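Colleague: The amino acid sequence is not available; the structure is as follows:
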C-alpha cells in the first residue's frame, strides 16, 4: 500500500527547499516508516528528500526502499553521492545491490568508494551463492584483547554509528585471529570493574562458521545456540565478518520457501515470483513436469497390458483415479511430514526404523478407514459383492504403499546426501500411480 | 548424537564430589556444549552436575536439554531446587514447560516461586496459543524516562544477569506506559554525555504489537523493521513484555512447517513428529484424506457415465492417469508458487490480474511442451493419427486448467480470509482430476 498521507506536504517542502521541515521529517520517524511515506514520490524526489538525513540514517531509509527504486537511484543519481551512500550500507547488501547493476556502473561506483570498503566488497563478491561468506557483513566490532572495559566502551561509542551490530564484541589478536567474544550484556554488567581487560571477560568457547560452510549451517548454529550474530572465519581462524540476526531470519524464510517449492517439483526460484522472467520460470517447472510425464507414461503402458480385464469388467475403469489418488495423497502427506521433520531436526536418519513402523501403522489406520468408505461405494456401483471386494482391498494396500514409499524415499535421499525435499510429492504420487495400477490389476485378476 | 567423550570423567567427579573440577566443567564451555556433554548421563546425574553452576548459568544449560529430560527433572527432582531454577528461565519457556507437567505438580512448583514471577506466568498462561502474548517473555529492561545515561548503565549492570535481552531499553512512565526505546548501541555511543536523560535519547516512533495480535504479525514486523525484539502492549499501551529474536526464528520455522503440512493436506502437528500420539497423527491426516476421497469419488461417477466410449475405444483408458497427473502436477506447482509468494509478501491480492496472466502464459508454454511429447506417444499407441490427436489436445487444456485453478484458488482463499495454504495441492489435484476427465471425454466425443 502506498502511503499518500504526506505527499502534498513533501512536494511543497521540496519546492520551497524547506530545510528545517525536511530534516524534521527524515529524523522523526522510524526509517522504515519514512521510506513508506516517500513511496508515492518519484525515485528522484525521494532521493532529494533523504539528502536531508545524515549519511548513516540516509542509508537506513534507503535500505527500506523497494529494490526497483534502489536500482533506479543507483543507476541515475550522482555517482559521488551514491558511492557515499553505499559506504553506510552493510557490505553484504551492497554486494547484492551491485549484482543488479550493469557491470560498468557497478565498477564506477566501486572505484569511488574508500579502498578498505572496496576491498571488503570485492572479497564478499568472491564467495559462491549459498555460502556463509556470501551473506556475511564485514562491519563487526573487533577490538584488541588488551583493551580495558573503559577503553572498549569508548572505542565502541566512537564506532557504534558505522557498525551494523554492536551486540557482541569480537576480541582479536594482532593478526586478526578471533580469540574470544564479549557480549555487550557482559560488558555493561562489568561497568563497575572498568579496569578489567577484555581478555578477562571474554568467552573462549566459540561458535563460528567457515566462510565456505552453507548458509543453512550458519542458520542452524544461530538457532541452536540462540545467538544474535555468528562470526565467519577463514581456514586459519582469521575473522572475516559476521552474519547478523536479520540475515538469519531472511535465510530461514528463503530455505523454507525453497523446500516448499522443491516439494511441489519446482526448481527454487531464487527471485521474486513476479520479478522472474516468464521463460526462466517455465523452464524451472518444465524440467520436472517432463520427468514426471515420462514416469506417468509407464502407467499407460501398464494399463494397455490389461486390456482384456477392462473389456470384460468395464466398471474397473471407474475407480482408477480414486485408487491412485488415495495412494498419492497419503504418500504426499507422509513425504511432507518426513521432509519438514528432517528440515527442523525433529527426526534424524537414526530414527528410520521408528519412522517406518509409525508409517506402517498410520497406513493401516488410514487404509482401513478409506477402504471402508470405498467398500460402501463399490457395493453400490460394482455388479456384485464379490466383485466389489476388489476396491477396498486395493485401497488398503495402495494407501500402505503410499505411506511407506512417501516416508522412506526422503530418508534414502538424505542418506545418499541429496536434498530430501527433492523427493517431491508429485514424484511420490507418480510412483504410487504405477504401483497402484499394478496392485489393482493383480487383485482384480485374483478375485474375479 | 550423544557425546560420550567426558562421561567417565564426569561420573568420577560426581562420585568424588570434586567441586573444583565440576565448577570448571560447568563454566568453561558454551552452555549448549555443556548440555551436549552431559546428554549421556541419566537425568538425575545431569541435574547433579549442573548444581555446580551458578543459578543463571544452570538455567541456561537446562534450557538446552532435550524436552523429555527437562520434564523428567521437573517431575522428580527436589521441588524447591526446581522452582529456584524456573525463576531464571524466560517466562515464556516456563509456561511451555509447565504445560507438559501434570496439573498438581505445576501448581506445586508455581506456589514455590516468588509472587512477581508467579503472577507473570499466570498472566502469560491466559493468552491463547498463536497470539503474540503467548510467545512473549516478561523479562524486559524497563527503565524510568527520568534516568540519566550514567544511571541507566548502572541499573542495567545490576539487572543484566536476570534479563533475557538488554539490546533495547524500554522507557516507561510511572504507570508502565511505553514511552520510547533506546538501543544499547545508542546508549553506548552516548557514554561521553553521561548526564543526558533517557527521554532525550529515546526513539518515540515505536514499532509494537498488541498481545492478542497473531504471532505471524509480530514476526512480520520484526523482519520488516530489522528488530532484535518487539514490545508487546495491552489495549491501553501498557508494556506487557517483549518477543525476542530467538523466539522469532522459532516462529518463522514453525509457520513455514505448518504451511508445508497444510499444502500436503495434513493438519499442522503443533508437536514433534515422533512425539505425536499415533492416533492423533492419523486423525490429523484422515479428515483431509476422507474429504479428498469424496471429491475423487466424483471421478468414478463421471467415468461410469462414459461407458459407451470406453467400450468402443478401450485405448482411451490407458491415458487417464497420465492426463490427470499432468494437470495435477502443474496445478500443484502453481498453487505452491502462489502460496509461498503470499507467505513471504512477495505478491499480494492486488497483483491478481498479473498473476493470472502469468499463469495463463505458463500454462500455454508448459501445456504445449507436454502436448508435443504426448502426441509422440499417442501416435505410437492409438489406432490412427486422428484418434491420437485427442491426447495432445486434452493435455494442453488440462495443463492450462491446472495452472489457472492452482493459482486462483489460493488467491480466492486469501480474499475471503482463509489460510491460502489450505488450498492444498491434493485438493487442486482433486479438482483437476474431475475437470480433466470431463475435458478428456468431451474432446474424445468431438474428435472420434
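Modeller: Everything's here; your move. All of these numbers come straight from a predicted model, not from anything done at the bench. Residues are numbered from 1 along each chain as shown, chains lettered A, B, ... in the order given.
Colleague: quick one: low-confidence parts of the stretch 301-448 of chain A?
Modeller: Low-confidence segments of the stretch 301-448 of chain A, defined by pLDDT under 70: A:423.
Colleague: Can you name the residue of it nearest chain B?
Modeller: Distance from chain B to each residue of the stretch 301-448 of chain A (Cβ to the nearest Cβ) is smallest for residue A:336, at 3.5 Å. The way it works is simple: take the backbone N, C-alpha and C, and place the C-beta from them, glycine included.
Colleague: In contact with that residue, which residues?
Modeller: With contact set as Cβ atoms under 8 Å, 6 or more residues apart in numbering or on different chains, residue A:336 has these partners: A:263, A:425, B:260, B:261, B:263, B:264, B:266.
Colleague: Quick check: it is in a strand.
Modeller: No. Using DSSP: H, G, I helix; E, B strand; the rest coil, the assignment for residue A:336 is helix, not a strand.
Colleague: of all the residues in the stretch 101-250 of chain A, which ones are close to chain B?
Modeller: Residues of the stretch 101-250 of chain A lying near chain B by Cβ under 8 Å from any Cβ of the partner chain: A:153-154, A:156-158, A:160-161, A:163, A:165-167, A:184-186, A:188-192, A:203, A:205-207, A:222-226, A:228, A:245-246, A:248-250.
Colleague: Any of those residues buried? List them.
Modeller: The neighbour-count test (16 or more other Cβ atoms under 10 Å in any protein chain shown) marks A:153, A:156-157, A:160, A:163, A:165-167, A:184-186, A:188-191, A:203, A:206-207, A:222-223, A:226, A:228, A:245-246, A:248-250 as buried among these.
Colleague: before we move on, the earlier item: please, a PyMOL command that selects the buried ones among the contacts of residue A:336?
Modeller: One line in PyMOL is enough to select the buried ones among the contacts of residue A:336; burial here means 16+ other Cβ under 10 Å:
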select buried, (chain A and resi 263+425) or (chain B and resi 260+261+263+264+266)
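Colleague: quick one: contacts of stretch A:341-350?
Modeller: A:220, A:255-256, A:259, A:338, A:340, A:355, A:410-411, A:414-415, A:420-421, B:253, B:257, B:272-274.
Colleague: Show me how far that stretch is from its chain's centre.
Modeller: 18 Å (Cα atoms, centre = their mean, to the nearest Å).
Colleague: list the buried ones in it?
Modeller: So for stretch A:341-350, counting by 16+ other Cβ under 10 Å, buried means A:341, A:342, A:343, A:344, A:346, A:347.
Colleague: Can you say which two of those are spatially most distant?
Modeller: A:343 and A:347 (10.0 Å; Cβ to Cβ).
Colleague: Pull the number of nearby residues for residue A:74.
Modeller: Neighbour count of residue A:74, defined by other Cβ atoms under 10 Å in any protein chain shown: 22.
Colleague: just checking, it touches residue A:102?
Modeller: No. Judged on Cβ atoms under 8 Å, residue A:74 makes no contact with residue A:102 at a distance of 10.4 Å.
Colleague: For chain B, tell me whether stretch A:404-424 is touching it.
Modeller: No. Interface with chain B: stretch A:404-424 contributes nothing (Cβ under 8 Å from any Cβ), its closest point being 8.9 Å away.
Colleague: Quick check: end-to-end length of that stretch?
Modeller: Separation of the first and last residues of stretch A:404-424 by Cα to Cα, to the nearest Å is 15 Å.
Colleague: and the helix or strand where residue A:280 lies, how far out from the chain's middle?
Modeller: Under the criterion of DSSP states H and E, residue A:280 resides in helix A:278-305. Here the centre of helix A:278-305 is set off from its chain's centre by 27 Å, with Cα atoms, centre = their mean.
Colleague: what comes up buried for it?
Modeller: By 16+ other Cβ under 10 Å, the buried positions in helix A:278-305 come out as A:281-282, A:284-286, A:288-289, A:292-293, A:295-300, A:302-303.
Colleague: Give me the neighbour count for residue A:168.
Modeller: Using other Cβ under 10 Å, residue A:168 has 23 neighbouring residues.
Colleague: and what of residue A:20?
Modeller: Residue A:20 has 9 neighbouring residues, counting by other Cβ under 10 Å.
Colleague: Figure out the helix or strand that it lives in.
Modeller: Applying DSSP H and E as the criterion places residue A:20 in helix A:19-28.
Colleague: Tell me the helices and strands packed up against whichever helix or strand comes after that helix.
Modeller: Counting by DSSP H and E, the element after helix A:19-28 in chain order, helix or strand, is helix A:31-37. Helix A:31-37 is packed against helix A:19-28, helix A:55-63, with contacts defined by 3 or more Cβ pairs under 8 Å, 6 or more residues apart in numbering or on different chains; DSSP states H and E.
Colleague: buried ones in helix A:31-37?
Modeller: Within helix A:31-37, the residues scored as buried using 16+ other Cβ under 10 Å are A:31, A:32, A:34, A:35, A:36, A:37.
Colleague: What of stretch A:319-326?
Modeller: Applying 16+ other Cβ under 10 Å to stretch A:319-326 flags A:319, A:320, A:321, A:322, A:323, A:324, A:325, A:326 as buried.
Colleague: Name all residues that make contact with the closest residue to residue A:355 other than its chain neighbours.
Modeller: Spatial nearest neighbour of residue A:355, chain neighbours left out: residue A:407 (5.6 Å); criterion: Cβ to Cβ, 6 or more residues apart in numbering or on different chains. The neighbours of residue A:407, taking Cβ under 8 Å, 6+ apart as the test, are A:334, A:335, A:337, A:338, A:355, A:356, A:359.
Colleague: Any chance of those residues in CSV with neighbour count and distance to residue B:397 as columns?
Modeller: CSV is the format used below for those (neighbours: other Cβ atoms under 10 Å in any protein chain shown; distance: Cβ to Cβ, whole Å):
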residue, neighbour count, distance to residue B:397
A:334, 30, 32
A:335, 28, 29
A:337, 31, 34
A:338, 26, 35
A:355, 24, 40
A:356, 15, 41
A:359, 26, 37
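Colleague: CSV please, covering these and showing distance to residue B:216.
Modeller: Conversion of the contacts of residue A:407 to CSV gives the following (distance: Cβ to Cβ, whole Å):
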residue, distance to residue B:216
A:334, 27
A:335, 25
A:337, 22
A:338, 25
A:355, 30
A:356, 34
A:359, 30
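Colleague: Which one of those residues is nearest to residue A:374?
Modeller: For these, the nearest to residue A:374 is residue A:334 (19.6 Å; Cβ to Cβ).
Colleague: Pull up the distance across stretch A:41-61, start to finish.
Modeller: Stretch A:41-61: ends 14 Å apart by Cα to Cα.
Colleague: where does residue A:177 fall, phi/psi-wise?
Modeller: When quoted as degrees, to the nearest 10, the phi and psi of residue A:177 stand at phi -80, psi 140.
Colleague: Nearest residue to it in space, please, no chain neighbours.
Modeller: Leaving aside its sequence neighbours, residue A:177 sits nearest to residue A:237 (Cβ to Cβ, 6+ apart; 5.0 Å).
Colleague: thought the one you found was touching residue A:176?
Modeller: No. Using Cβ under 8 Å, residue A:237 is not in contact with residue A:176; the gap is 9.2 Å.
Colleague: separation between the most far-flung residue of chain A relative to its centre and residue A:397?
Modeller: For chain A, the residue at maximal distance from the C-alpha centroid (Cα atoms, centre = their mean) is residue A:384, at 54.2 Å. Distance of residue A:384 to residue A:397, computed by Cβ to Cβ, to the nearest Å: 21 Å.
Colleague: Residue A:135 too?
Modeller: The value you get for residue A:135 to residue A:397, if Cβ to Cβ is used, is 48 Å.
Colleague: so what does the helix or strand harbouring residue A:9 touch, helix or strand wise?
Modeller: Using DSSP H and E, residue A:9 maps to helix A:7-16. In terms of contacts (3+ Cβ pairs under 8 Å, 6+ apart), helix A:7-16 is packed against helix A:19-28, helix A:43-50.
Colleague: Quick check: buried residues in that helix?
Modeller: So helix A:7-16, judged by 16+ other Cβ under 10 Å, has buried residues A:7, A:10, A:13.
Colleague: Reformat the residues you listed as CSV; add pLDDT and distance to residue A:62.
Modeller: Output for these, formatted as CSV (pLDDT from 0 to 100; distance: Cβ to Cβ, whole Å):
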residue, pLDDT, distance to residue A:62
A:7, 84, 19
A:10, 88, 16
A:13, 89, 19
